[in-house]
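Enquirer: Predicted model and sequence follow; I will ask about them next.
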Amino acid sequence: MTIGRLYPFALALLLVPAGAQTQQTVERSRAAAADGVVEVENVAGSIRVEGWDRNEVAMTARLGRGIEGVEFEGDGSSTRIRVAYPRRNNSDGADLVVRVPAGSRIKVQGVSATVVVQDLRGPVDAQSVSGDVTVSGSTRTVQAASVSGDVRVNAGTNDVRAQSVSGDVHVQGATGFIEAETTSGNVGVQGREVSSLSLHSVSGRVSYRGSLHATASVNIESFSGTVDFAVPSGTAGNFEASTFSGSIDNEFNDVRPRTERRGPGSELEFSTGDRGAQIELSSFSGTIRIRGL
Amino acid sequence: MMMHPGETRLNDYLDEGLDDDAEAALVEHLSECASCRAELAQLRGIVDAAAGLFDAIEPRHDLWPAIDARIDTEGIVDLDAWRARSGSRLWSHRYQLAAAATLLVLAASTGTLLLVRDSGRSAPVAATPAPESSPVRLVSVPGQADYLAAIRELDALLRSRASQMDPQTAEVVRENMAIIDQAIRETHAALAADPANGDLNRAVTTAYKTKIKLLRRAVELPVRT
């Protein structure tokens, strides 16, 4: 979804105008499919999308000074909401609250706007550039991203992809597939029965705490940050950890890491049980800590 | 019987890096597992073959100045391509080691180095200029030519959009690109000192991928509205 792109909707565009020099609150609603697509774009301010049990999309928009209006358009299967900003004049942001059928497919795009999505069951794609992005509820799949904002996913979700660049990424309560990455921020994940876990940071700390599926695949990397990995003490699997110049602190069992023969770092490898998760932890210069819960 | 040991453990066994208990368990496993014995034999053969090559890795004199002007990504030998040509089906640390050694010898003898001066050659518009430290000779990693080409392409695209980006966002991108560039430099420096280290090969590759991801992310950002 790209800001500024216009789709050829069959129905006429409804641009709700706002007073140029005053704040204004606008409310609109329309019927919507239970599993339709809802797209929301707002450059500045905030976007809040909430699921409800009606087959209806309802919007409340508080438009700041200078904002031209808000587009609220669509048909039975899709709804598009876009705040229209003036091209040249400075303007305040807009605060949107959008209620949608809980099974909707949501696409949200902010620039400096904060984004909050909650109580959805359908897939969510929520992005901002400098704003924080928060997704919560029982959402089936989540893609959440920011550049300098923090990303938080607090959801019993089966498929999470979360990323930032300088912000932190936090995922809590997810299961199944989890992929989270940032460059200079921290990554923290609390999961349960996770089957695929991929966590990456360059300079930030990366941590996982929770249980794994019996055949889980785990790959956690940080270049210079600490890797902190905590799973239940009875977790079966093949554990491999290595650093180039960092240390390894194994509190999971009595196996001691050994010095990497090719460098100043350490490596550790052990198996628990005949079958289990495949766990790979690595850091170039950071510390790796493995713990039992 | 213990789980199949995996390549890392077999490497350790060859390097006599296992403790007594681990070695005894592995030997017991090998006595019962034909496939692991075959893999071990294959690894041992490669190690033996590669062992004689390393004395020739370092060029006898610095060839860089003479080829600096001519070398480009096309001059980098792609280990993936080498593997494809060689028909090797298994790609692992030992195979990378052997391939790197072989390629380096071939490269030295034909006047083409597997080295590039600095990833800063393709530094993106948003990145902090690389410190003017002594140049790090970069041992090629599999796919490096492709990574560098992608970085150059994305870098050009980012440059073309630089004026449209929000200044604060551009600063965030620049700062984080510098962090990744530093990671690339450090991993390459380590790899230059230990070209056979598979973990370092992977670390370099990861750093390149991270940079490409960030560049892609940056060029896809909404422009200032």
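Expert: Right, received. Where do you want to start? Residues are numbered from 1 along each chain as shown, chains lettered A, B, ... in the order given.

Enquirer: and chain B, which residues reach chain A?
Expert: B:2-3, B:6, B:8-9, B:15, B:17, B:166, B:168-169, B:172-173, B:175-176, B:179-180, B:183, B:186-187, B:190, B:194, B:197, B:199-200, B:203, B:206-207, B:210, B:213-214, B:217, B:221-223, B:225 (C-beta under 8 Å from any C-beta of the partner chain). All C-beta spots, glycine's among them, are computed from the backbone N, C-alpha and C.

Enquirer: now with 7 Å?
Expert: Listed as neighbours of chain A in chain B under the rule C-beta under 7 Å from any C-beta of the partner chain: B:3, B:8-9, B:15, B:17, B:166, B:168-169, B:172-173, B:176, B:179-180, B:183, B:186-187, B:190, B:194, B:197, B:199-200, B:203, B:206, B:210, B:214, B:217, B:221-222, B:225.

Enquirer: OK, contacts around residue A:147?
Expert: A:129, A:130, A:164, A:165, B:169, B:172, B:221 (C-beta atoms under 7 Å, 6 or more residues apart in numbering or on different chains).

Enquirer: where exactly do the strands run in chain B?
Expert: B:115-116, B:138-139 (DSSP state E).

Enquirer: which of those has the lowest average pLDDT?
Expert: The minimum mean pLDDT among those belongs to strand B:115-116 (a mean of 30).

Enquirer: how many neighbours does the closest residue to residue B:39 other than its chain neighbours have?
Expert: Nearest residue to residue B:39, sequence neighbours excluded (C-beta to C-beta, 6 or more residues apart in numbering or on different chains): residue B:10, at 6.4 Å. When counting by other C-beta atoms under 10 Å in any protein chain shown, one arrives at 23 neighbours for residue B:10.

Enquirer: same thing with the one 10 residues further on?
Expert: Neighbour count of residue B:20, defined by other C-beta under 10 Å: 7.

Enquirer: could you measure it against chain A, distance?
Expert: 13 Å (C-beta to the nearest C-beta, to the nearest Å).

Enquirer: Next one, pLDDT for that residue please.
Expert: pLDDT at residue B:20 comes out at 77.

Enquirer: Please apply the same query to the one 5 residues further on.
Expert: Residue B:25 carries a pLDDT value of 82.

Enquirer: Kindly provide the distance from it to residue A:180.
Expert: 36 Å (C-beta to C-beta, to the nearest Å).

Enquirer: What of residue A:225?
Expert: Taking C-beta to C-beta, one finds residue A:225 at 13 Å from residue A:180.

Enquirer: cool, and residue A:222?
Expert: 12 Å.

Enquirer: what's the answer for residue B:186, then?
Expert: 23 Å.

Enquirer: Which of those two has more residues huddled nearby?
Expert: Neighbour count, other C-beta under 10 Å: between residue B:186 and residue A:180, residue A:180 has more, with 27 against 20.

Enquirer: how about the helix or strand harbouring that one, does it reach chain B?
Expert: Per DSSP states H and E, residue A:180 falls inside strand A:169-182. No. Using C-beta under 7 Å from any C-beta, strand A:169-182 never reaches chain B; the gap is at least 7.8 Å.

Enquirer: Quick one: list the elements packing against that strand.
Expert: strand A:151-155, strand A:159-163, strand A:187-201 (3 or more C-beta pairs under 7 Å, 6 or more residues apart in numbering or on different chains; DSSP states H and E).

Enquirer: okay if I get those strands as a markdown table plus mean pLDDT?
Expert: Shown next, in a markdown table, are these (pLDDT from 0 to 100):
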| stretch | mean pLDDT |
| --- | --- |
| strand A:151-155 | 93 |
| strand A:159-163 | 95 |
| strand A:187-201 | 95 |
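
Enquirer: Out of the helices and strands in the chain, which is least certain?
Expert: With no chain named, the answer covers chain A. The weakest-scoring helix or strand in chain A, judged by mean pLDDT, DSSP states H and E, is strand A:15-17 (a mean of 60).

Enquirer: other chain: chain B
Expert: For chain B, counting by mean pLDDT, DSSP H and E, that's strand B:115-116 with a mean of 30.

Enquirer: for chain B, what's the longest helix?
Expert: Determined from DSSP state H, the single longest helix within chain B is helix B:167-193.

Enquirer: Averaged pLDDT, that helix. What do you get?
Expert: On average, helix B:167-193 scores 90.

Enquirer: Could you do stretch A:235-250 as well?
Expert: 93.

Enquirer: What residues sit buried inside that stretch?
Expert: Across stretch A:235-250, burial judged by 16 or more other C-beta atoms under 10 Å in any protein chain shown covers A:235, A:237-250.

Enquirer: do stretch A:213-233 as well
Expert: Buried-residue list, stretch A:213-233, by 16+ other C-beta under 10 Å: A:213, A:216-218, A:220-231.

Enquirer: Help me see whether it makes contact with chain B, please.
Expert: Yes. Judged by C-beta under 7 Å from any C-beta, stretch A:213-233 and chain B are in contact via A:221, A:223.

Enquirer: May I have that stretch as PDB, with CA atoms only?
Expert: Taking Å, rounded to 0.1, in the frame of the first residue of the first chain, the C-alpha atoms of stretch A:213-233 are listed here in PDB:
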ATOM      1  CA  HIS A 213       7.200 -27.100  19.400                       C
ATOM      2  CA  ALA A 214       8.700 -30.600  19.500                       C
ATOM      3  CA  THR A 215      10.200 -30.100  16.000                       C
ATOM      4  CA  ALA A 216      10.800 -26.300  16.200                       C
ATOM      5  CA  SER A 217      13.400 -24.600  14.100                       C
ATOM      6  CA  VAL A 218      15.200 -21.700  15.900                       C
ATOM      7  CA  ASN A 219      17.700 -19.300  14.500                       C
ATOM      8  CA  ILE A 220      18.700 -16.300  16.700                       C
ATOM      9  CA  GLU A 221      21.500 -14.000  15.600                       C
ATOM     10  CA  SER A 222      22.900 -10.700  16.900                       C
ATOM     11  CA  PHE A 223      26.100  -9.200  15.600                       C
ATOM     12  CA  SER A 224      27.200  -7.300  18.700                       C
ATOM     13  CA  GLY A 225      24.200  -7.600  21.100                       C
ATOM     14  CA  THR A 226      23.500 -10.200  23.700                       C
ATOM     15  CA  VAL A 227      21.400 -13.200  22.800                       C
ATOM     16  CA  ASP A 228      19.300 -14.400  25.800                       C
ATOM     17  CA  PHE A 229      17.500 -17.700  25.200                       C
ATOM     18  CA  ALA A 230      15.300 -19.300  27.800                       C
ATOM     19  CA  VAL A 231      13.200 -22.400  27.300                       C
ATOM     20  CA  PRO A 232      11.600 -24.900  29.700                       C
ATOM     21  CA  SER A 233      14.200 -27.200  31.300                       C
END
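
Enquirer: Centre of the chain to it, how far?
Expert: Stretch A:213-233 sits 19 Å away from the centroid of its parent chain (C-alpha atoms, centre = their mean, to the nearest Å).

Enquirer: what's in contact with it?
Expert: For stretch A:213-233, contacts defined as C-beta under 7 Å, 6+ apart pick out A:193-212, A:276-293, B:183, B:206.

Enquirer: are any of the residues of chain B next to chain A buried, and which?
Expert: Of those, these count as buried by 16+ other C-beta under 10 Å: B:8-9, B:17, B:166, B:169, B:172-173, B:176, B:179-180, B:183, B:186-187, B:190, B:194, B:197, B:199-200, B:203, B:206, B:210, B:214, B:217, B:221-222, B:225.

Enquirer: low-scoring stretches of chain B, by residue?
Expert: Counting by pLDDT under 70, the low-confidence segments of chain B come to B:1-3, B:7-8, B:34-35, B:38, B:41-138, B:223-225.

Enquirer: how about the helices in it?
Expert: Under DSSP H, chain B gives helices at B:6-14, B:20-32, B:34-51, B:64-68, B:79-86, B:93-110, B:144-161, B:167-193, B:198-219.

Enquirer: Up against chain B, what does chain A have?
Expert: Counting by C-beta under 7 Å from any C-beta, chain A sits next to chain B at A:2-3, A:43, A:85, A:111, A:129-130, A:147-148, A:165-166, A:183-184, A:202-203, A:221, A:223, A:238, A:240, A:242, A:244, A:261-263, A:269, A:271, A:274, A:284.
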